[in-house]
Structures are given as structure tokens and as C-alpha cells.
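K.L.:
Sequence plus the predicted model coming up.
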Amino acid sequence: MSDNYYDTYQNLPRFSDDFFGQFLRALGKSYTQCADVGECFITLNKIKDDDFNSWFSAWNEIASHLQALADESWNKKHVLTAAMTYLRAVEYHRTSEFFLRANMDDPRILPCFDNMRYCFEKSIDALHPGSKPVEIPYGDTFLSGYLFTTDKNPRATLIVPGGYDSSVEEQYPLVPTSLQHGYNILIFDGPGQGHVLRRQKLTMRHDFEQVISKVLDWMDTRGDLSRLPYVLIGRSFGGYLAPRAACFEPRVAGLICDPGQIDISAVFHKILPAKINSLLDQGQQDEVNVYFNDIFSKNKMQAFYFTSRMNVHGLKTPYEYLQEMKQYRFTDVVQQIKCPTLVCDNPSDKISNRGNALYDALDCDKTYAGFSGQWGAGMHCEADATGQFLRVAFDWLDEKYPTLS
């Protein structure tokens, strides 16, 4: 470390967009006290760009350090300071695992998720004594999550699945604001997400209404909770999963999509060379795989992103993955969404589709919310501007679901 501590902030090496974007994703959690500025920057200074092992080691070090500090405070009965320290450890454990996901058999993954669960449950036990871990029946197994109930007169119950590369714990930043505004909130991992993917090997499915219907069936058994409106919130890849489910599930009484995504397959068709699109249409599996494997041999970040996403779907080749993604569209049934819907859009987002395509296609009570890098909200899902997203989302919710007298 430099003798001048400010060099930690001012003299950073240049990082790839992939590494720096994930750093900002963690740093943005500072708004909800799930990260802290100095801890994130000091960790970034220990990382070698595009070195996945270096990334894991640095974030695992700070996560383990904070977990030990939290345990120390907890054992001394300082449960509130312990809880806040556990929350930051959760985020750093999550971040450490991010670039391991190309190999789901990596022996570091499950211990990392064990630590995440341990820290998260210790934290919410102190911060939200009425909360509880839940297991939602799903076929012959279950989906794991957490249910938080507000102590105010409840307006609705928010239901929040994950995205493409998140885990249930990453949905926590929505929880405190939800409870303060008078909403119950259920966060959970669906197939292809978080603990459910890593522990139970359940993979992603395009027909996410089959998942949400099981979740709402379970919610319908929860007494007073079943009499409240169900509002589905989908962020990142959830911006496809949630509206897809709302096309078929009439119990969804409200919908927030950030960003709204109506046709995932269109992204690939737009960015792939015409020749590869033609080969995909012709079913030329070997030629497609050769093309991508050549790219992967020269660009390990491209290899990582494709392989980690193939793992989410339980697939082995780029050809299988791209053919699978053709199912991730609901342009033909989008007008079946009848509930009030908030669609977020961010022209600066380098990861997802624009939300305006979904907004334009909707035939319901709809609201458009645009975010902008001009005002510091240019990242995917406004990861760098949580406060801006929360203002838009909860202003809209409070207008649609006034407090019941």
C-alpha cells in the first residue's frame, strides 16, 4: 500500500469493464449498508485485472475478515453491530464467487454459499426478528427464500425472484425500504439461480410462469398475506422472467420490470454475424461450436460469460445455448399482461435490452421510467444509483397501492 492512503482511491490501475463493473455492483450496495467504500476500494487494489483467482482471493479475504469480526461482536452480545457487519460479509462473499461460475464444480463455490447463508441468516435474525427462511414446494423439491412482514398496515406483498447471476441474498437491499413503506416482501431463488442452482442443480426455464404459479400457490396458504395484492418485481434477467410470468398468471396484481425485456433472443440475433445466425437457423451445430470455441480460445472473458450462462441452463455447447435462448421471448402473448406495470429503461445499460420495447408492446395501465448516466444512473439495474431506483419504484407502488384504512 502507498504511504498516501488516498492513492487507494486516486491511483487505481485500469481495469476491464467486466471487472470494474462487478466492483461497482458491490460498491453500490453501500447505499443500503451492504458494503462500504473503503472496504471495496482496498480490495480492488489487491486484484490483478482479468485474473479470476486474484478476484476471488481478494474478495474472500475481506469477506472472511468481516465474518470473523461479526462473530466476535455477536459472541459479545453486540448483535446489531454484528448484524450490519454480517451484511457486508454476505455481499463480499457473493462478489468473490462471481468469476468462478464457469466451473460449477469449483470446490470454492459451495463453501462460499455456506458462508453467505450463515452470515445472512445471522444478520436478519437480529435486524428482522419476524422474518423467516422459507421452502416453497416445487415439484418433488423446493425453492428457498425469505419472507419479511411489515409491522405497518400492509399495502401488498412484493415477490422478488433473482436474475441471471444473482442469489437470494442480493435482493435484500429492497427489504428495508419495502418494510418501511408498508409492504411484505418475499425474496427467493428460482431454478437456475443462487442456492437452487448450486445446491439442487435446478436449471433455468423460459416458462417462468410455472415457477411463479407455484410461489403464489404457496402464498395463497399464508393466511392474511393471501388477501393482499401480489406485486412481482423482476430486475436484470428478472426483467424477462417477471413479465413472462405475468402474461399467464392472473394473480399477479402489479409488475415492476428493471429493465423490461420482451425478447432476449433478439439481442443475440442483433450482435451475431449474419453467417452465424444463418448456421443456427440451419441447425449446423458443429460449425457454430467451432466458431465460438475459436473465440473462447482467444478471449477468456467471452469464454467465461458464455460458459457460466450455459451452466445456468444446464447446457454444454454454445449452439445448445443459443438455440435455447430462442425460447426466451413473449412477443406473441405480451398483451395478456393486464396488471399495472412499471417498466424501467436505461439507454446507458451495456448488458440488457432497452425497456422501451416492452413498454410499447403493453396494453395495460403502464408507466415508463427512464434512468440516465447523465445523473449517475447509467449502470445495469442502476447498480450505481440505488436511491434513484428506490424513489421511482416506491413512489409508483405507493400511488398504486395506498394504505388500507
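P.N.:
Looks like it came in fine.
K.L.:
elements contacting the helix ranked longest in the chain?
P.N.:
When the chain is parsed with DSSP state H, its longest helix is helix 52-75. With contacts taken as 3 or more CB pairs under 8 Å, 6 or more residues apart in numbering; DSSP states H and E, helix 52-75 sits against helix 37-44, helix 79-97, helix 109-127. (Each C-beta comes from the backbone N, C-alpha and C, glycine too.)
K.L.:
So which bits of the last one are buried?
P.N.:
Okay, so that is helix 109-127. Neighbour counts using 16 or more other CB atoms under 10 Å place 109, 112-113, 115-127 of helix 109-127 among the buried residues.
K.L.:
Closest one of those residues to Phe148?
P.N.:
Checking the buried residues of helix 109-127 against Phe148 with CB to CB, the nearest one is Ile124 at 7.8 Å.
K.L.:
Would you mind confirming that the closest one makes contact with Gly130?
P.N.:
No: using CB atoms under 8 Å, Ile124 is not in contact with Gly130, being 9.7 Å away.
K.L.:
Quick one: the helices in the stretch 201-350 of the chain, in order.
P.N.:
Remark: helices assigned in the stretch 201-350 of the chain by DSSP state H, counting those that start in this stretch are 209-219, 238-248, 264-271, 274-282, 285-298, 300-313, 318-325.
K.L.:
Now do the third one: distance to the chain's middle.
P.N.:
The chain centre lies 21 Å from the centre of helix 264-271; the measure is CA atoms, centre = their mean, to the nearest Å.
K.L.:
For it, output the C-alpha coordinates as PDB.
P.N.:
What follows is helix 264-271, C-alpha atoms only, in PDB (Å, rounded to 0.1, in the frame of the first residue of the first chain):
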ATOM      1  CA  ILE A 264     -33.900 -12.000 -25.100                       C
ATOM      2  CA  SER A 265     -33.200 -13.900 -28.300                       C
ATOM      3  CA  ALA A 266     -33.300 -10.600 -30.300                       C
ATOM      4  CA  VAL A 267     -30.100  -9.500 -28.500                       C
ATOM      5  CA  PHE A 268     -28.100 -12.400 -29.900                       C
ATOM      6  CA  HIS A 269     -29.600 -12.100 -33.400                       C
ATOM      7  CA  LYS A 270     -28.600  -8.500 -33.500                       C
ATOM      8  CA  ILE A 271     -25.000  -8.900 -32.300                       C
END
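K.L.:
what's that helix packed up against?
P.N.:
Judged by 3+ CB pairs under 8 Å, 6+ apart, helix 264-271 is in contact with helix 318-325.
K.L.:
Now the helix it packs on - C-alpha only, PDB.
P.N.:
As requested, C-alpha coordinates have been extracted for helix 318-325 and formatted as PDB (Å, rounded to 0.1, in the frame of the first residue of the first chain):
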ATOM      1  CA  PRO A 318     -22.700 -22.600 -27.500                       C
ATOM      2  CA  TYR A 319     -25.000 -24.000 -30.100                       C
ATOM      3  CA  GLU A 320     -27.300 -25.500 -27.500                       C
ATOM      4  CA  TYR A 321     -27.300 -22.300 -25.500                       C
ATOM      5  CA  LEU A 322     -28.200 -20.000 -28.500                       C
ATOM      6  CA  GLN A 323     -31.000 -22.400 -29.600                       C
ATOM      7  CA  GLU A 324     -32.300 -22.400 -26.100                       C
ATOM      8  CA  MET A 325     -32.400 -18.600 -25.900                       C
END
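K.L.:
quick check: angle from it to helix 300-313?
P.N.:
Orientation check (axes from the mean of the first three to the mean of the last three CA atoms, to 10 degrees): helix 318-325 against helix 300-313 gives 50 degrees.
K.L.:
So what touches helix 318-325?
P.N.:
Helix 318-325 has contacts (CB atoms under 8 Å, 6 or more residues apart in numbering) with 206, 264-265, 268, 272, 280, 285, 288-289, 292-293, 306, 309-310, 313, 315.
K.L.:
Which other helices and strands does the helix or strand harbouring Arg391 contact?
P.N.:
Assigned by DSSP states H and E, Arg391 belongs to helix 386-400. Judged by 3+ CB pairs under 8 Å, 6+ apart, helix 386-400 is in contact with helix 175-181, strand 252-258, strand 341-345, strand 366-370.
K.L.:
and which of the buried residues of helix 109-127 is nearest Leu12?
P.N.:
The nearest member of the buried residues of helix 109-127 to Leu12, counting by CB to CB, is Cys112 at 25.3 Å.
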